[in-house]
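Participant: Using only what follows, build the 3D model:
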Amino acid sequence: HFYKRCFVLKMASVFGLMIAYNTVIADDGVMIENDFFRDTLDTFDDDTVDNVTEPACDIIATNPNPCPCQCLSDSLICCNLDNTSPLPKGQCDSYNCSATEITLLNCQLHSTVINRQFILSLGWRQSRLRTLRLRNCSISDTTFGSGLEGLRVLDLRGNKVDAFREPELEMLDSIYLSGNNWPCIDPSKEKRFRSKSNLIFGEKMSWLLDMYWNERWIDRKLTFCNLDDHLQSVEEEIVKKHSVESFLQFTKKTNSTCPALCDCEVADETIKFTLEDMSKYKVNVVCTDLGLTSLPSRLPPDTIYLNMANNQVSSLDLLSNLNPDYKSIERLILTNNSLKSMQGLENSWLQRNGPVLLDVRDNFITQLDTSALESMLSKASINTESNYFFAGNPWSCNCQNIKTIQEFLEKYSSLIMDTEHMHCSDCECTLLHLDYKEMCTKDHDYMIWVILVEAILLVAIMLKLTWDCVRYRRTGHLPWVARHLCWSVPGISRGRWTSTLPSMCAQGEQVIGQEVTQDPNQGVAKGSSGYITCSGTSSHSSKTAQTRTCPGGKESSVVRFL
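Facilitator: The predicted structure follows:
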């Protein structure tokens, strides 16, 4: 009698809790529009699971019948099912349960197909199953298959879950997925370096974004991903943005803009860590060893890491003009490519933001553009994790740039991690330790000799001019140039003119090749020196001056130096 009373009490508690549970879910699984119940649904279900699971499973465990199920009124409860040890055929046939609801507790359902045949093996004999509920079960790669045409409610709350295939349930009214630790971010899965997780979960569960399932996913606003540790104490509205729905949308958007042949994954971290950034997932794009000849023309939004190592990229032009696809880049790896210059970094988001990592090792870059890098490294120096790599390039070293480059490398030696391995192209010497004075004194600058010769000639001309002026003032003797050019005074024979200006010097001569004898009133005698002036009629005349008439009635004076 004692054991019978205990059994009755346990059954009463089970039925009481199930009645209380059913007050929350009614009308074929439609959630009651009560704010209190809606907000506390997950917590209430957890308590219900704890209180229903233990008594029901304890009763089933003490049942002499080897069937792990118990038919209670309109519900069939099964405990500890394991797909690795399927139920023997006919083990639960004795129940012939006509329940419309089935609850599976503490089950291991990996790669299991839950269809009509599976349900029949549990002793169910009803023509239509309306509700299938799983609690505290391990579910992964599970298929909810055909033969369950009457199923209206699929309740998967409170389980250990992984991605599973789209259910083959065409008559379903509602599906519940909250209260689970959905592995949106799974560091244990295969991923690239510096990535936190791949997007496989989002790809497998993308069917939830279809209109059919989006309308039937009742608790999508309460279904969250496994949050990172640093997000546990963040305000509620920020945390809600990391719902499964938001991750699926992120996966869809990322895959649609991911460059062909490349891998796009969830980034491990973001340096610009603010509440706004925490509401978004960041993206890593890995395009290594693909033989690509240019940077991707398009990147997923919020891409912070781009790895283009071991390709044939020859230009950084896509970075210029503030390309919005590269706005959030914090790490750029271009190791072992075909770059010949860093042209494109100027007027780029990298220059404006200062990336945490820039790696251009093992390319063909000859000029270290310090003007483009100055602003970039200046901003990057704020972050202690910033690293830059430039070694493995044939750097040009000459007297015009070596001093500037060395000062630049010394200034940012804490950021540039391989300054000791940067070598000049024309020698095996380290760029940083190259002796500037020794290098530049060996080179002969021929312009110095040109300038020196010009200076000497200029001084000689000035001295000659000074001497001619002094001599002219003392003796009246004209310089050699003045005496031998054709613009000397009339009376000088044509033979003494310059041979290259005959047309300019012919005016005023009457006979070529002959000596001209002129009247004293007409000019200056042969071989003399002097000059001729024309002026108005004057009553004064010089002792050494003779006059003649000039055109216009003016008088001319011939001054001869004795």
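
Participant: Would you mind finding the longest helix in this protein?
Facilitator: What stands out as the longest helix in the chain, according to DSSP state H, is helix 446-475.

Participant: Show me which positions of that helix end up buried.
Facilitator: Using 16 or more other CB atoms under 10 Å as the test for burial, helix 446-475 gives Asp468. For the C-beta atoms, the positions are set from N, CA and C on the backbone; glycine is no exception.

Participant: you'd agree Glu166 is in a strand?
Facilitator: No - assessed with DSSP: H, G, I helix; E, B strand; the rest coil, Glu166 is coil; it does not lie in a strand.

Participant: about what we covered before: show the average pLDDT along the longest helix of the chain.
Facilitator: Here helix 446-475 scores 89 as its mean pLDDT.

Participant: Can you name the next helix or strand after that helix?
Facilitator: helix 480-484 (DSSP states H and E).

Participant: Mind listing what's buried along that following helix?
Facilitator: Per 16+ other CB under 10 Å, helix 480-484 contains no buried residues.

Participant: Now that we're looking at Ala525, what pLDDT does it have?
Facilitator: Listed pLDDT for Ala525 reads 46.

Participant: Ignore what I typed, I meant Pro68.
Facilitator: Pro68 is given a pLDDT of 83.

Participant: And it, how close does it get to Leu122?
Facilitator: Distance of Pro68 to Leu122, computed by CB to CB, to the nearest Å: 8 Å.

Participant: Who's the closest spatial neighbour of Asp162, skipping the chain neighbours?
Facilitator: Distances taken as CB to CB, 6 or more residues apart in numbering place Ser140 nearest to Asp162, at 3.6 Å, with adjacent residues excluded.

Participant: correct me, but the one you found touches His110?
Facilitator: Yes - with contact defined as CB atoms under 8 Å, Ser140 counts as touching His110 (5.2 Å).

Participant: now Trp217, which residues is it bridged with?
Facilitator: Taking DSSP bridges as the rule, Trp217 bridges to Ile175.

Participant: OK, contacts around it?
Facilitator: Residues near Trp217 by CB atoms under 8 Å, 6 or more residues apart in numbering: 175, 177, 208, 223, 245.

Participant: Need those residues in JSON lines (columns: pLDDT, neighbour count and distance to Met422).
Facilitator: What follows is the contacts of Trp217, written out as JSON lines (pLDDT from 0 to 100; neighbours: other CB atoms under 10 Å; distance: CB to CB, whole Å):
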{"residue": "Ile175", "pLDDT": "96", "neighbour count": "20", "distance to Met422": "60"}
{"residue": "Leu177", "pLDDT": "95", "neighbour count": "23", "distance to Met422": "55"}
{"residue": "Leu208", "pLDDT": "95", "neighbour count": "19", "distance to Met422": "52"}
{"residue": "Thr223", "pLDDT": "93", "neighbour count": "22", "distance to Met422": "53"}
{"residue": "Glu245", "pLDDT": "93", "neighbour count": "20", "distance to Met422": "50"}
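
Participant: Looking at the residues you listed, which are in strands?
Facilitator: For those, membership in strands holds for Ile175, with DSSP state E as the criterion.

Participant: okay, the contacts of Trp217 in JSON lines with distance to Arg133 next?
Facilitator: Shown next, in JSON lines, are the contacts of Trp217 (distance: CB to CB, whole Å):
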{"residue": "Ile175", "distance to Arg133": "11"}
{"residue": "Leu177", "distance to Arg133": "13"}
{"residue": "Leu208", "distance to Arg133": "19"}
{"residue": "Thr223", "distance to Arg133": "16"}
{"residue": "Glu245", "distance to Arg133": "22"}
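
Participant: Which of the contacts of Trp217 fall within helices?
Facilitator: Under the assignment DSSP H, the contacts of Trp217 contribute Glu245 to helices.

Participant: The residue nearest to Asp162: neighbour count?
Facilitator: 15 (other CB atoms under 10 Å).

Participant: got it, and Cys225?
Facilitator: Here the number of neighbours of Cys225 (other CB under 10 Å) works out to 24.
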